[in-house]
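Student: Okay, here's the prediction I keep looking at, along with the sequence it came from:
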Amino acid sequence: MAQKNNYRQTFLIIILLLIAGPAGAKELSTQIIHQYSKIDPFSFILLEFCAVVTLAVIGHIISKQYRIPTLVGALVIGIVIGNILFWLDLSPFIYMLMHLADAGEIFKTIWTSDLSVAETIIRYYVNDNPESSEFANRLSQIFTSSQSPALILLGVALWIISNIGVFLISFKLGLEIKIQEIVKSAEPLAYLISIAGTLATFFLGLSVVNWLLPDMDIAKQIFIAAALCTTSAAITTSIFTNVSREQSREAKLVINAAFIDDILGIFFLSYIANIVLGDTHTISQMISLLLYSLIVILAIFFLGRWVTRYIPKIYNFDEPHSRLLVPVMMVVFVSFLTNLFDIGIVSSAFIAGLILNGVHDKVGLIKDIIGSLEKLFAPIFFVFVGMQVNLRQFLDGETILLTIALLMATIAGKIAAGYISRQRFNNLAVGLGMVPRGEAVLISISIGKILGLVDDSIFSVIAIIVLITDFIAPWAIDNLSAKYEASDFFIKRY
């Protein structure tokens, strides 16, 4: 009966969205944009911020009803609404949002050259292909109309808001990972599973991209392969908790390996991004960059840990304000240092979280305030990511083939890691537990899109892969792997 009610409520929500979607798109019509931009551009931004928050709330409700991760609910609702508005084609803003990577390239070229907007678009996108010519004409209309300033302002505002979510997610992840506890509790096999899964997924993904996209720059191929490597520790933990198997050896192995995966994955991706952006080619250059990055990161970490000794004194002086200001100050300062020493800011918020989780008597206060902010901005980021996933890309056979091949590589790499040892436990369960992808991958492709390493098509492909792995893993763990009864993991029911 409860399941029927869930379906009815979800069906009602979808109907309301189908009704409200066109209305929301109409609010973004050219005439309304012009009207708002003449009165007060900020009121227009607040209006659309309210709409995105509403979508995030609906995604959260769906997640709770079906016991799926909040990330999945927000991502799905963003994909559904974003594509409905895009198909109805009532708003130039939605069109620009779906082609954010192209818009970014246009902005970059305009600011670094003497070309006009129209000349820039024609130079990059007009060719003998009628579809490309139509696309270029549409972009030219969007960026050269009287409503363009309002559209650009809105796009930048939502981009900033979603990136605040990126920093808060990374920061909270760093706060929750206790390196000392992992070192004490994780058996050596967990490290082996994490490293093997990362490397296997990376090389399988790189092979797929090189095979299906041979003309793509090798640096971009490397970044795409690296972006798919990281398991989501939060989603993996929730899967085993939901099936009441979190105390089994397999679950402990997977959860510890997933946390190690998060740590290694974030730094691995940061390192790969530095290689790509730094135009590093030779093995000696890569080794030098690795050693340099490790030295700088460790120096920042230990310097930060030394500074945190004085944080309790600041809290005693003015706790209500410093609860928020100190963590923000730490994130900004670490980001400044990582940028100053040319190692990028991909991992900066995560490093700041690792530093502040050493403030033993006050870390709970930091988590409380950061957790509240993260619960607001993280779903907005996931909705924003979903709204950039263009399902029309999947009408192309090559895109479907790429998605399937990368999905298989993503799953196979992690399952192979489960079989890295011959010890007596359920290898399939361990491999399946490492399959879910989550926050780290979405953050990676979002940053990659900003840096021009991932285009709109690849962005959509990877976001869909994240969604599929998060649906496949819980079902597979609870059903497929139940055939293997060699371990107590599949016999005991808690």
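Tutor: Done, it's in. Numbers count the residues shown, from 1 in each chain.
Student: Which helix or strand contains W475?
Tutor: helix 456-478 (DSSP states H and E).
Student: Show me what that helix packs onto, helices and strands only.
Tutor: On a contact count with 3 or more C-beta pairs under 8 Å, 6 or more residues apart in numbering; DSSP states H and E, helix 456-478 meets helix 70-88, helix 100-112, helix 218-227, helix 233-242, helix 397-418, helix 427-433, helix 439-451. All C-beta atoms are positioned from the backbone trio N, CA, C, and that covers glycine.
Student: If you count neighbours, what's buried in it?
Tutor: For helix 456-478, the neighbour count (16 or more other C-beta atoms under 10 Å) marks 456-470, 472-474, 476-477 as buried.
Student: quick revisit: distance to H60 added to the helices and strands packed on helix 456-478, as JSON lines?
Tutor: Shown next, in JSON lines, are those (distance: least, C-beta to C-beta, whole Å):
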{"stretch": "helix 70-88", "distance to H60": "6"}
{"stretch": "helix 100-112", "distance to H60": "24"}
{"stretch": "helix 218-227", "distance to H60": "26"}
{"stretch": "helix 233-242", "distance to H60": "15"}
{"stretch": "helix 397-418", "distance to H60": "26"}
{"stretch": "helix 427-433", "distance to H60": "25"}
{"stretch": "helix 439-451", "distance to H60": "15"}
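Student: between those, which has the poorest average model confidence?
Tutor: Of all these, the minimum mean pLDDT falls on helix 100-112 (a mean of 73).
Student: Show me the contact partners of that helix.
Tutor: Outside helix 100-112, the residues within contact range by C-beta atoms under 8 Å, 6 or more residues apart in numbering are 96, 115-117, 120-121, 123-125, 139, 143, 155, 159, 388, 449-450, 452, 454-456, 459.
Student: in it, what counts as buried?
Tutor: For helix 100-112, a neighbour-count test (16+ other C-beta under 10 Å) marks L100, A101, D102, A103, G104, E105, I106, F107, T109, I110 as buried.
Student: same question, stretch 396-407
Tutor: Of the residues in stretch 396-407, those buried (16+ other C-beta under 10 Å) are T399, L402, T403, A405, L406, L407.
Student: repeat for stretch 414-425
Tutor: By neighbour count on 16+ other C-beta under 10 Å, the buried set for stretch 414-425 is K414, I415, A416, A417, G418, I420, S421, F425.
Student: Hmm, V430 and the first one touching each other?
Tutor: The reference is to K414. No. At 9.0 Å, K414 does not count as touching V430 under the criterion of C-beta atoms under 8 Å.
Student: where in the stretch 251-400 of the chain is pLDDT low?
Tutor: Counting by pLDDT under 70, the ranges of the stretch 251-400 of the chain that qualify are 278-281, 311-324, 344-346, 358-368.
Student: Repeat the analysis, applying 80 as the threshold.
Tutor: Scanning the stretch 251-400 of the chain for pLDDT under 80 picks out the ranges 265, 268-287, 289-290, 307-331, 339-347, 356-373.
Student: can you pull the contacts of the closest residue in space to A226 that isn't next to it in sequence?
Tutor: Of all residues not flanking A226 in the chain, I272 sits nearest, at 4.1 Å (C-beta to C-beta, 6 or more residues apart in numbering). By C-beta under 8 Å, 6+ apart, the contact list for I272 reads I222, F223, A226.
Student: Can you tell me how far the residue most central in space within the chain is from D89?
Tutor: What sits nearest the mean C-alpha location of the chain, by C-alpha atoms, centre = their mean, is L442, with 1.7 Å. As judged by C-beta to C-beta, to the nearest Å, L442 and D89 stand 26 Å apart.
Student: Repeat that for I218.
Tutor: Using C-beta to C-beta, I218 is found at 37 Å from D89.
Student: Ok, G205 next?
Tutor: G205 sits 34 Å away from D89, taking C-beta to C-beta as the criterion.
Student: These two: which is more packed in?
Tutor: More crowded of G205 and D89, by other C-beta atoms under 10 Å: G205, with 24 against 11.
Student: ok, and the closest non-adjacent residue to that one?
Tutor: A225 (3.7 Å).
Student: how about the one you found, what does it touch?
Tutor: T201, F202, F203, G205, L206, V209 are the contacts of A225 under C-beta under 8 Å, 6+ apart.
Student: Same list (those) but as TSV, adding secondary structure, distance to L75 and pLDDT.
Tutor: Below are those laid out as TSV (DSSP: H, G, I helix; E, B strand; the rest coil; distance: C-beta to C-beta, whole Å; pLDDT from 0 to 100):
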residue	secondary structure	distance to L75	pLDDT
T201	helix	21	94
F202	helix	24	93
F203	helix	27	94
G205	helix	21	94
L206	helix	25	94
V209	helix	23	95
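Student: Buried ones among these?
Tutor: Buried by 16+ other C-beta under 10 Å: T201, F202, G205, L206, V209, out of these.
Student: And the furthest pair within those residues?
Tutor: Within the buried ones among the contacts of A225, T201 and V209 form the most distant pair, 12.2 Å apart (C-beta to C-beta).
Student: With adjacent residues omitted, what lies nearest to the residue nearest to the centre of the chain?
Tutor: Leaving aside its chain neighbours, L442 sits nearest to V385 (5.3 Å; criterion: C-beta to C-beta, 6+ apart).
Student: What is the burial count for the one you found?
Tutor: By the other C-beta under 10 Å criterion, the neighbourhood of V385 contains 26 residues.
Student: Extract the C-alpha set from the helix or strand hosting it and format it as CSV.
Tutor: Using DSSP H and E, V385 falls within helix 363-386. Output in CSV follows, covering the C-alpha atoms of helix 363-386 (Å, rounded to 0.1, in the frame of the first residue of the first chain):
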residue,chain,number,x,y,z
VAL,A,363,34.9,19.8,14.7
GLY,A,364,31.3,19.1,15.5
LEU,A,365,30.5,22.8,15.5
ILE,A,366,32.2,23.2,12.1
LYS,A,367,30.3,20.2,10.7
ASP,A,368,27.0,21.7,12.0
ILE,A,369,27.3,25.0,10.2
ILE,A,370,29.0,23.7,7.1
GLY,A,371,26.4,20.8,6.9
SER,A,372,23.6,23.3,6.9
LEU,A,373,25.1,25.3,4.1
GLU,A,374,26.0,22.1,2.2
LYS,A,375,22.4,20.9,2.4
LEU,A,376,21.3,24.1,0.7
PHE,A,377,23.9,24.5,-2.0
ALA,A,378,24.8,20.9,-2.8
PRO,A,379,21.3,19.9,-4.2
ILE,A,380,21.4,23.2,-6.2
PHE,A,381,24.7,22.1,-7.7
PHE,A,382,23.2,18.6,-8.6
VAL,A,383,20.1,20.2,-10.1
PHE,A,384,22.3,22.6,-12.1
VAL,A,385,24.4,19.6,-13.4
GLY,A,386,21.2,17.7,-14.4
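Student: So which elements touch that helix?
Tutor: Counting by 3+ C-beta pairs under 8 Å, 6+ apart, the packing neighbours recorded for helix 363-386 are helix 41-66, helix 70-88, helix 148-176, helix 311-340, helix 439-451.
Student: about what we covered before: what mean pLDDT does the helix holding W475 get?
Tutor: Mean predicted lDDT for helix 456-478 stands at 88.
Student: Now tabulate the buried residues of stretch 396-407 in a markdown table and tack on distance to Y66.
Tutor: Output for the buried residues of stretch 396-407, formatted as a markdown table (distance: C-beta to C-beta, whole Å):
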| residue | distance to Y66 |
| --- | --- |
| T399 | 28 |
| L402 | 29 |
| T403 | 24 |
| A405 | 29 |
| L406 | 26 |
| L407 | 22 |
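Student: Show me the domain layout of this structure.
Tutor: Annotated domains of the chain cover 2-157, 176-490 [automatic domain parsing].
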